[in-house]
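K.L.:
Generate coordinates for the sequence data below:
(2 chains)
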There are 2 protein chains.
Amino acid sequence: MTIYTAPVADISFLLRRVFGFDAIMASLPGYEEVNTELAVTIMEEAGKFATSVLEPLNRPGDEEGCTLENGVVTTPSGVAAAYLAFAEAGWCSLSGDPAYGGQGLPRVLQILLDEILSSANLSFGLFPGLTRGAAEAIGHHASAELKAAFLPKMISGEWTGAMALTESSAGTDLGLLSTRAVPNADGSFAITGTKIFISSGDQDFGGNIVHLVLARLPDAPKGVKGISLFLAPKFLVNADGSLGARNSMSVGALERKMGIHAQPTCLMNYDGATGWLVGQPGRGLNAMFTMMNAERLFVGIQGLGIAEAANQKAVAYAKERLQGGGSDGTPGPVAIIDHPDVRKMLLSGRAFAEGARALAIWTALQMDIADRHTDAAVRKEADLLVALMTPVVKAAFTDFGFETAVASQQVLGGHGYIREWGMEQYVRDARIAQIYEGTNGVQAMDLVGRKLALDGGTLTQRFFALIRAELDAALPTAGEGLVAPVAQALARLERVTQRLAGSGGGAELGAAATDYLRLFALVSFGWMWVRMAAAVPALDEATAVEVRKTALARFFVERMLPQTLGLEAALASGASSLMALDADAF
Amino acid sequence: MTIYTAPVADISFLLRRVFGFDAIMASLPGYEEVNTELAVTIMEEAGKFATSVLEPLNRPGDEEGCTLENGVVTTPSGVAAAYLAFAEAGWCSLSGDPAYGGQGLPRVLQILLDEILSSANLSFGLFPGLTRGAAEAIGHHASAELKAAFLPKMISGEWTGAMALTESSAGTDLGLLSTRAVPNADGSFAITGTKIFISSGDQDFGGNIVHLVLARLPDAPKGVKGISLFLAPKFLVNADGSLGARNSMSVGALERKMGIHAQPTCLMNYDGATGWLVGQPGRGLNAMFTMMNAERLFVGIQGLGIAEAANQKAVAYAKERLQGGGSDGTPGPVAIIDHPDVRKMLLSGRAFAEGARALAIWTALQMDIADRHTDAAVRKEADLLVALMTPVVKAAFTDFGFETAVASQQVLGGHGYIREWGMEQYVRDARIAQIYEGTNGVQAMDLVGRKLALDGGTLTQRFFALIRAELDAALPTAGEGLVAPVAQALARLERVTQRLAGSGGGAELGAAATDYLRLFALVSFGWMWVRMAAAVPALDEATAVEVRKTALARFFVERMLPQTLGLEAALASGASSLMALDADAF
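P.N.:
As a prediction, the model looks like this:
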């Protein structure tokens, strides 16, 4: 059952009415021609491609899965052709560097596209997403020769990319990795080791696959400071740009996993594979982390995208399915969307998705500002705000996204548990986004351990002051009933932040991390709901999307935001109840 | 990786120290010989069978799944042999009626066994579980002839049972079902219709399969009052008890589903199948509901069982897996069980599982008291308390159980997402328990719509008074730090209950239902944790299990119970934010 429609009306409302997108773009050199109308046009087209080509492959791709035979990976029927059409239509290059053939459109448009792809077909979206991430790392850190040889075809999508970080005993803690890189006489390196969980590690689209591999040089120090980054393509590239010999790397196995079955997640063997150093020796993690903000934002968007698609399907089902009498005494059967508890599940998903979309746009706007603003101080502040928000977007969007997929599945009852309706696939696919690109626990540690300390701890204070100022400004239009509860939740967040800053760190940070991140996210969503409610025009000129915003804002504030009460109370208890038990006593 | 160990030490602690099991049993006619020692011996044996026979089939059964070829269902390799060994060892008859060959042991032992089965192999556990449920319905409502013909072999496990309720347009609302039953000349009926989602609808263990089918007699009124219950066996039974002709029913398809792959969930076609009326015409739902308490308790136990197994595996992994430095500054890598956030995930699961096990035992004890106590007033009150607690156990245990499976999977990071470790199977299997036997939303409506009103609304008052009295009594031993927060949470629950009683019903009840049930469950778990903490003896004589109880009680009260704050606040907002949007505006 194909249901999904790209949320273009909401995108239009957010860009035009909430964020003043056109004015911001007009102020950023190179983006002057970008505006809401262009964004809407592009997203309408993206929506057409997604619903006509990608979503129809989603369920079949899950059923068929990928195969590995005689070392050759085959993606599910139709995926290769869809990828080639996607690249041919120019979607891979949307935000790519124009110096290498990209369209140079802003990050905001990229994340809107990413959401639509994630809604339609998460497994598919990883191919261009990982290629873009690899291209960004190369763009920032590789030599001019490597850039010239690889970037144009990666940005066009003709070649794809993969990131080879994890090993079986080195996941979250990459300092433990053991893959080696030995210098060759010609300046290249011979890379040997085994990597696991490598998304898009291979495919059958033709072209090349550019692996970015973390490895250790001989005599490199232990730990993260001994890690360097290497570029190792599946096929070596001749001087004329044509594909040469097969490199010494192979797919050892496809991981058998809970979901994203159309995505070939590879165990990769590098057997003296030829590679080239990207960036400085011993600075491999640094090179990976410069693109981490974008990648983690992308993963957060995946959580949003699946939530949007799952919620839309659950709404469609709930309007059709007849069961029971109405809560107002209407004799049944009535459509189950009339039942309050079903509404609660649907509204929770909708309030998350629209709040998250707003926050994603806000964050992507900061990235564009950090990239292009003419004032260096403004660029720097925007960059800090992106750093602060990145773990929140990654972890909270994927946690709430998973919860939304589960709640949407619940709306369908037993029909949600069987494969036919596709709801259980959303749950299985959404689950990975909480794990990869740094588990959500790692994100939470990043927030409390690094991000709260940015700029000497003053960044968070400025961020909270920004929210408070915007709440105050919204009061006349959004109203006390919405603004006051969000301001109270913000005060909770500020109290907890202050307590954490004075806690001395260590176990206190770890014990607080995930609850703190959820509190931070709920306040941020509340802030966005106030901004959205304030942007709704007088009712007689409001569109349907806009009228709905006011009702959703109220639902969010009354039914979801109160979680912040319990989070503050739980956080007040500190670490001791977590650390009391000996490991042996568990 | 086989890890699971049956929680016999905890069972022993709960029965002996917390619930005074031996004294209660001594007071119930027919159970005088039952005591903690016997229970522990039986559960040790059950644990051996579960870990040596059932758990080793769990992952392979998930991989292999069931097949349907030429109308014949085949369960995964080893399942049929395991079932026959299980029945041969007498496990099917544990709590069965001695009049028909059962061992007549109390409900408490049955739910402890059910938990162990659910931990080891949920798909398997459904075969004896559904057989027991069907046998109980027959035992309560069928004619003496039907009982004599079917019960002995169902109780021994030689024959299995299935419940055929749901149709494609009649799930939660069974009043919409359309299967027909037409009288035959000999007093039997010809049943015609299609049922979906029929667990254990067929199998390959040999013997017979006894279907209890809801259907309408000719000229039956519309809605639930037109529904009658029929017994239709796969094979007709000859006068001498031997199996006769195949009945006119067939498996139309196996449902393809998210999990419980070793369980053949059938689409059943009844084509004039011969059946016999069970109970009175038009009273079919009533006959089904008399065994619903036991079935719903069983499903709640499934959530507990999977949580226990998933948590045990995550703990084992967290003790072995080395990553990162210690939060106290220890240079890494340390075992991840030393990281506070990993501990939080593990402790949340443990605090749920042990609190839930206590509450399950308390509830099952009420069932045994309701069944056997010599004082009719005591029996009646216990029966009411079971009715009150049933939706809470079903929904809260399966919700927290699913959350525990997800958190346990998260502990393994990427290794939790791939199939090898079996964690993702726990998540997929646990998910069904939130849906079947009445979705958790239906349970919540049952709680707020029916159970709160029991005995003119005074039952809940007595229940809350019971909790308060036990909290007061526990104060000297459990301490203010544990008791006061639980008492405050109880006060929250009482306030919300009072508000609901005065709300006028309708949408207010539905809008409150799921949040109210979670609040009710958290208070009940807190009550159990206080009772457990109070039962821990002085440290110098406490066992390891008992020392751990104190730490877990504190964790529960400090980190999980605060959710009640947010739930009370969300519930205070009432239904209006849920009902504001037109269905078309979603």
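
K.L.:
Make sure residue A:248 is actually in contact with residue A:273.
P.N.:
Yes. If you go by CB atoms under 8 Å, residue A:248 and residue A:273 touch, sitting 4.6 Å apart. Just so you know, the C-beta spots here come from the backbone N, C-alpha and C atoms, and that holds for glycine as well.

K.L.:
neighbour-wise, which of the two wins?
P.N.:
Neighbour count, other CB atoms under 10 Å in any protein chain shown: between residue A:248 and residue A:273, residue A:273 has more, with 29 against 16.

K.L.:
what secondary structure does the more buried one sit in?
P.N.:
strand (DSSP: H, G, I helix; E, B strand; the rest coil).

K.L.:
where do the strands sit along the stretch 101-250 of chain A?
P.N.:
Taking DSSP state E, counting those that start in this stretch as the criterion, the stretch 101-250 of chain A carries its strands at A:160-164, A:180-183, A:189-198, A:209-216, A:227-233, A:235-237, A:243-246, A:249-254.

K.L.:
Can you pull the phi and psi angles for the residue in the stretch 251-400 of chain A that chain B sits nearest to?
P.N.:
Taking CB to the nearest CB as the measure, the point where the stretch 251-400 of chain A comes nearest chain B is residue A:340, at 3.3 Å. Dihedral pair for residue A:340: phi -60, psi -40, per degrees, to the nearest 10.

K.L.:
Of all the strands of the stretch 101-250 of chain A, which one is nearest chain B?
P.N.:
strand A:189-198 (4.7 Å).

K.L.:
tell me the angle the closest one makes with strand A:160-164.
P.N.:
With axes from the mean of the first three to the mean of the last three CA atoms, to 10 degrees applied, the angle from strand A:189-198 to strand A:160-164 works out at 90 degrees.

K.L.:
picking that back up, what's the closest non-adjacent residue to the residue of the stretch 251-400 of chain A closest to chain B?
P.N.:
residue B:510 (3.3 Å; CB to CB, 6 or more residues apart in numbering or on different chains).

K.L.:
So which bits of the stretch 201-350 of chain A are right by chain B?
P.N.:
Contact residues (CB under 8 Å from any CB of the partner chain) of the stretch 201-350 of chain A with chain B: A:255-259, A:315, A:318-319, A:322-324, A:327-329, A:332-333, A:335, A:337-347, A:350.

K.L.:
rewinding a little: wait, doesn't the residue nearest to residue A:340 sit right on residue A:338?
P.N.:
No. Counting by CB under 8 Å, residue B:510 does not reach residue A:338; the two are 9.6 Å apart.

K.L.:
Residues that sit against both of these two, list them.
P.N.:
residue A:327 (CB atoms under 8 Å, 6 or more residues apart in numbering or on different chains).

K.L.:
need the residues of the stretch 1-150 of chain A near chain B, please.
P.N.:
So the stretch 1-150 of chain A never meets chain B (CB under 8 Å from any CB).

K.L.:
Quick check, the residue in the stretch 1-150 of chain A closest to chain B?
P.N.:
For the stretch 1-150 of chain A, CB to the nearest CB, closest residue to chain B: residue A:63, 9.0 Å.

K.L.:
and that residue, what is it in contact with?
P.N.:
A:76, A:261, A:419.

K.L.:
How about residue A:126?
P.N.:
Contacts of residue A:126 by CB under 8 Å, 6+ apart are A:199-200, A:260, A:263.

K.L.:
Tell me which two of those residues sit farthest apart.
P.N.:
Maximum pairwise distance among these (CB to CB): 10.7 Å, between A:200 and A:260.

K.L.:
Mind checking the pLDDT average for stretch A:141-160?
P.N.:
Looking at stretch A:141-160 alone, the average pLDDT works out to 98.

K.L.:
Other residues contacting it?
P.N.:
Contacts for stretch A:141-160 (CB under 8 Å, 6+ apart): A:83, A:86-87, A:91-93, A:96-97, A:100-102, A:127-128, A:130-131, A:134-135, A:138-139, A:161, A:200, A:203, A:205, A:207-210, A:229, A:231, A:233, A:237, A:241, A:276, A:278-279, A:287, A:290.
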